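> Build me a structure from this.
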Amino acid sequence: MMKTIAHRFKISIFSVSLIVFLISVSLFHVNKSPQNQTLTPKPEPASSLSQEQESVVRRNYIVRFIEYKKAEHHKEYLEQNTKEKFEGSLSWEWINRNNPASRFPTDFGVVEIDDEAANSIIGQFERLKMVKDVRVDSSYQLRNLLGRNKKERHERVGAFSDGRKRPGKIFTSMSFGDGEDNVAAAATSNQTIDWQRHLLSQKSQVTSLFGADALWSKGYTGAKVRMAIFDTGIRSDHPHFRNIKERTNWTNEDTLNDNLGHGTFVAGVIAGEDAECLGFAPDTEIYAFRVFTDAQVSYTSWFLDAFNYAIASNMDVLNLSIGGPDYLDLPFVEKVLELTASNIIMVSAIGNDGPLYGTLNNPADQSDVIGVGGIDYNDHIASFSSRGMSTWEIPHGYGRVKPDVVAYGREIMGSKISTGCKTLSGTSVASPVVAGVVCLLVSVIPESDRKQILNPASMKQALCYKPRASIFPSVLDYTDCPYSWPFCQQPLYADAMPVLFNTTILNGMGVIGYVESRPVWHPANEESNLLSIHFTYSDVIWPWTGYLALHMQIKEEGAQFSGEIEGNVTVKIYSPPALGEKSFRHSTCVLHLKLKVVPTPPRSMRVLWDQFHSIKYPPGYIPRDSLDVRNDILDWHGDHLHTNFHIMFNMLRDAGYYVETLGSPLTCFDARQYGTLLLVDLEDEYFEEEIQKLRDDVVNNGLSLVVFADWYNVDTMVKMRFFDDNTRSWWTPVTGGANIPALNDLLAPFGIAFGDRILNGDFNINDELIRYASGTNIAKFPGGGYVHSFPFYDSSESGATHSFLASVELGGSRIAVYGDSNCLDSSHMVTNCYWLLRKILEFTGRNIKDPVLFSNSVKQKVPLHLDDDQLPSRRTDLNFSTYSAVFGKELTCRSDSRFDVWGTKGYGLQVRGRNRRLPGYKAIDLGRGLNSSADISITKGPKVLDKNKENSSGNKFLGLLYRDDLDAPVVFPSHWLVPAVVAVLGILLLLNFWRIRQKRRRRRKGSSSSRYTNL
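Residues are numbered from 1 along each chain as shown. Sure, this is the predicted structure:
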């Protein structure tokens, strides 16, 4: 009996020990995390698929080579080096291009590849020594290319219509109208600008406004200047032109004529000789490159051939009145660089997407191209003209000043298709105005000296006859507003993030140049020594241009200084000797600075804007924030304080706030300096170190947090897929308007989470009307906070009440969240909510509570709660590292953070950071296109939580410590402590049980031995 009891006792001890041990293990590995879903649309019936989609078996690719050779040589090279692997296969085919460029060597070929074999064939090509890379052949589509008048009406052509993509590459508005019936509108905007009055009582010749007649009287008319016009062609017998040298067709249509009128109009502005619509340089030699079809479509490969032919034909000037947001079409962009390096002056329209900021078009946004904006006859920037800054350097730098020049683009006279004149408006008109001026000025220079004197840089320097280098802009003056906006809007002060000023180096001495020695800051007086400048600049200045970036901080000893700082920055540039010269060319560039400095503002008035976690188009399909906007489905305006959030920035400055930009991870700022961290419309992930630091900053360092989110819904993302005839693939949104799963990770330590509802409606707070445009709902929020709800329209649950605005106090910090950012974004704003942002910042920065926003009637005693498995999930079917600055990247503070943390992991981080890996992500097929997604059904798998992070809802085994709903967030200094203690206890119990068993075995063994002895 006693043995049985002892045996049962041993079993019970073992069972208890084992259970405790398993519980401790489960605390590490069995926690829930947000579920992951795979995006796939529901299969369509075969009968509903378009013929175009059914035949999706091949697509065209551009294969770029490192050397120029005849096309036949490149073809044989590919065939010979892939023959063994693909012998007898028809999986790829060389496409012959029968155009004028075929007579010359080329550096690329076009091949057609089966979709199923694309990855293996492309990989085989790119491993060849003579192949540079392989890329999809992009197509271009002009949108409403033509202007309108009363007699002519042309269908408005857009890249998107009713949320669907038309054939062709995505391009911004090329629309411009005449003066009598003009509505200049950005196709990517909901705004229209209606000109109700004539700016001139009589239409003037634009040539007279630039003084062209003075040069004509001296015999300069553009003679022997080779002008390439890339457009829709021209008719050979047009009576307005005396010197059409060559017409070439680069499209798949069998015609050289202009059937749309755009190319003819552009040529007329440059070189027309009709008395009613005179061009600037009537004796210019016109080379008409027909690169657009009658349907206003073109392909990158057409442009590459045409560009190569322009280089081989030794053109002087090239006009391109098109543009778009895709500055990552590398074959196109790099060919433009090669073109300008060949001493061809390229003039391009900056775009008709004004008055929105951050809407510069490529290639006009490139530093080697003369980007042209438009003004009216009052010398004001035309409303339709796109605004800067350039966005391709964001977020890890600062955009450059663009456009380079503005010209009259309103009611310009030009030639019709056959005969006669008409007026049109737009930057597509302003571009040939500048191109015509350039041709006229080029003809002033003796033909034998042109290539030595004239180049894209010297033309920007207004044809200074002595070759030199210069900086543009050459002055940064904080007292000169609005010219120096946004810098003049906010003074410098100590302990702030560096202010970045990005200038362009124009090197008129040669196509290639170098910085001879580090730039030098020369203070004008003793006080100017308070300014500390770090410089970053181009290693090689090519072609003709480079950059010089100033990273400016006020030293700590200037914390109480108030006044102006002046001085010069000098940098020495040199270039190799020109033909016939023996010595290097040298030049010193000077940049004058006049900066305003104030004492360091109080912490409560300092706001830090997170730019680092913003992702925009390109490179991926980043969707718009408002789903009501059907004709502009991409988020491409930069999402920066100085682009589409510039009105908000100005408002905050007028309200007395000091707003700084963070272009590095959240570990790279000192939270003790700021009252509020502002997160608006963010799409990227977060490093684990960022999540931990933000939690500590809020709990321990008194930092407050404001979040403006946006919609995120997997089913809606599926419906937003479109088939692109250009890449012959499906494009699916990379994320929603905001990356809600990532934001929920960031906010989890505070018991806050957003849902996946898409809400719309108008509501009133404090007698202010606000439009909630495709916002999300607040799904979780701690008790004791103030939560506002409204019966918004929801496509899945009409009329239901949803929470959209919430705020809570956490000791000395405060948090406020709102589910929509469209009321702060000037791109597609219906109503603004700047007043609401001011009230929120008064709360987070100074603990001032508005009586309406913080009424007892909206105070929540019980927390909002939603199970974790019902929260929005991540997509798992795309390579997010292609778009992300976090996922698959190293945690590093970049050159836009304070000097003391450059190149480190951030404040207080001594250990090496690690790459961010999204929970639950499977292996990624890197061979897929940037916007393509796997056709895998949507799954709702188990949730997996990051090991170093515990949800506020906690674990059911320790319900007393981690309650499901917290009245206030409970933040533990380290989440591994309790599980580790339990694990140790379990191990100790197992060891104790093992020792007891060992002792009893020895006892039994000893007693057995004594019995044998007695026997």
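> The residue nearest in space to the middle of the chain and Pro403, how far apart?
The centroid of the chain falls nearest to Lys616 when counting by C-alpha atoms, centre = their mean (3.3 Å). Taking C-beta to C-beta, to the nearest Å as the measure, Lys616 and Pro403 are separated by 20 Å. All C-beta spots, glycine's among them, are computed from the backbone N, C-alpha and C.
> does Leu841 count as helix, strand or coil?
Secondary structure, DSSP: H, G, I helix; E, B strand; the rest coil: Leu841 is helix.
> hang on, it packs against Leu677?
No - taking contacts as C-beta atoms under 8 Å, Leu841 lies outside contact range of Leu677: 11.3 Å.
> Now do the shared contacts for these two.
607, 706 (C-beta atoms under 8 Å, 6 or more residues apart in numbering).
> And the residue nearest to the centre of the chain, how far from Asp684?
11 Å.
> just Val347 next, same as before
Val347 is 36 Å from Asp684, by C-beta to C-beta.
> for Gly123, same thing?
Relative to Asp684, Gly123 is positioned 29 Å away (C-beta to C-beta).
> who has more neighbours, those two?
Between Gly123 and Asp684, counted using other C-beta atoms under 10 Å, the more crowded position is Asp684 (22 against 11).
> Please identify which helix or strand holds that one.
For Asp684, there is no enclosing helix or strand under DSSP states H and E.
> contacting residues around the closest residue to it other than its chain neighbours?
Of all residues not flanking Asp684 in the chain, His613 sits nearest, at 4.0 Å (C-beta to C-beta, 6 or more residues apart in numbering). Counting by C-beta under 8 Å, 6+ apart, His613 touches 679, 682-686, 739, 742, 885-886.
> Pick the one among those residues closest to Val515.
Ala885 (27.7 Å; C-beta to C-beta).
> leaving aside the residues next to it on the chain, what's closest to the closest one?
Asp684 (5.9 Å).
> Please report how far the nearest residue to Leu824 once chain neighbours are set aside lies from Val269.
Sequence neighbours aside, Met648 is the residue nearest to Leu824 in space, at 4.9 Å (criterion: C-beta to C-beta, 6+ apart). Here the criterion is C-beta to C-beta. By it, Met648 lies 38 Å from Val269.
> try Asn644
31 Å.
> Report the mean per-residue pLDDT for stretch 813-824.
In this model, stretch 813-824 has a mean pLDDT of 94.
> Just the CA atoms of it, as PDB, please.
C-alpha atoms of stretch 813-824 as PDB (Å, rounded to 0.1, in the frame of the first residue of the first chain):
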ATOM      1  CA  SER A 813       2.600  61.500 -21.800                       C
ATOM      2  CA  ARG A 814      -0.500  61.600 -24.000                       C
ATOM      3  CA  ILE A 815      -1.600  59.600 -27.000                       C
ATOM      4  CA  ALA A 816      -4.100  60.600 -29.700                       C
ATOM      5  CA  VAL A 817      -5.200  58.600 -32.700                       C
ATOM      6  CA  TYR A 818      -7.400  59.400 -35.700                       C
ATOM      7  CA  GLY A 819      -8.400  57.100 -38.500                       C
ATOM      8  CA  ASP A 820      -8.000  59.300 -41.600                       C
ATOM      9  CA  SER A 821      -5.200  61.500 -43.000                       C
ATOM     10  CA  ASN A 822      -7.000  62.900 -46.100                       C
ATOM     11  CA  CYS A 823      -8.100  66.000 -44.200                       C
ATOM     12  CA  LEU A 824      -4.400  66.900 -43.800                       C
END
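> packing partners for the host helix or strand of Leu78?
Assigned by DSSP H and E, Leu78 falls within helix 71-86. The contact analysis (3 or more C-beta pairs under 8 Å, 6 or more residues apart in numbering; DSSP states H and E) places helix 71-86 against strand 58-69, strand 92-95, strand 106-114, helix 118-126.
> buried sites along that helix?
71, 74-75, 77-78, 81-82 (16 or more other C-beta atoms under 10 Å).
> the strands in the stretch 151-300 of the chain, which residues?
In the stretch 151-300 of the chain, strands defined by DSSP state E, counting those that start in this stretch lie at 160-161, 164-165, 183-185, 192-194, 226-231, 244-249, 285-290, 297-299, listed in chain order.
> rank those by pLDDT, which is bottom?
Among the strands of the stretch 151-300 of the chain, strand 192-194 carries the lowest mean pLDDT, at a mean of 32.
> Quick check: buried residues in stretch 330-346?
Residues of stretch 330-346 classed as buried by neighbour count (16+ other C-beta under 10 Å): 331-333, 335-337, 339-346.
> which of those lies closest to Ser138?
Among these, and counting by C-beta to C-beta, the member closest to Ser138 is Phe332, at 7.1 Å.
> How many neighbouring residues does Pro403 have?
Residues lying near Pro403 (other C-beta under 10 Å) number 30.
> Tell me which residues touch it, please.
350, 360, 364, 371-373, 385-386, 388.
> rerun that using 6 Å as the cut-off
350, 371-373 (C-beta atoms under 6 Å, 6 or more residues apart in numbering).
> next one: Tyr674
By C-beta under 6 Å, 6+ apart, the neighbours of Tyr674 are 606, 608.
> and if you look at the one 5 residues further on?
Leu679 is in contact with 610, 707, counting by C-beta under 6 Å, 6+ apart.
> what's across from it in the sheet?
Val707 (DSSP bridges).
> That one and Leu705, how far apart?
Going from Leu679 to Leu705 by C-beta to C-beta gives 7 Å.
> Return the backbone torsion pair for Val134.
As for Val134, its main-chain torsions (degrees, to the nearest 10) stand at phi -130, psi 130.
> What's opposite it in the beta bridge?
Residues in beta-bridge contact with Val134 (DSSP bridges): Val63.
> And the pLDDT at Leu759?
For Leu759, the pLDDT comes out at 92.
> neighbours of the nearest residue to it once chain neighbours are set aside, just the number please.
Excluding the flanking residues, the one nearest Leu759 by C-beta to C-beta, 6+ apart is Phe792, at 3.8 Å. Neighbours of Phe792 under the rule other C-beta under 10 Å: 23.
> need the helix or strand of the protein with the lowest average pLDDT.
One helix or strand of the chain scores below all others by mean pLDDT, DSSP states H and E: strand 192-194, with a mean of 32.
> who are the neighbours in contact with Val569?
Per C-beta under 6 Å, 6+ apart, neighbours of Val569: 519, 521, 591.
> quick one: it is in a strand?
Yes - counting by three-state DSSP, one finds Val569 located in a strand.
> what bridges to it?
Beta-bridge pairing of Val569 under DSSP bridges involves Trp521, Leu591.
> For it, give its distance to Cys589.
For Val569, the distance to Cys589 (C-beta to C-beta) stands at 8 Å.
> Touching both of those two, which residues are there?
With C-beta under 6 Å, 6+ apart as the test, Val569 and Cys589 reach no residue in common.
> tell me how far the ends of stretch 369-383 are from each other?
22 Å (C-alpha to C-alpha, to the nearest Å).
> Mind checking the pLDDT average for it?
84.
> and for it, what are the contacting residues?
193, 199-200, 346-350, 354-355, 363-364, 385, 402-407, 409-410, 427, 430-431, 434.
> Among the residues you listed, name the buried ones.
346-350, 354-355, 363-364, 385, 402-407, 409-410, 427, 430-431, 434.
> returning to that earlier point: higher neighbour count, Met648 and Val269?
Shown here are Met648 and Val269; by other C-beta under 10 Å, Val269 has more neighbours (29 against 24).
> Nearest residue to that one in space, ignoring adjacent ones along the chain?
Nearest non-adjacent residue to Val269, counting by C-beta to C-beta, 6+ apart: Pro432, 4.0 Å away.
> Burial check on the one you found, number of neighbours?
The burial count for Pro432: 31, using other C-beta under 10 Å.
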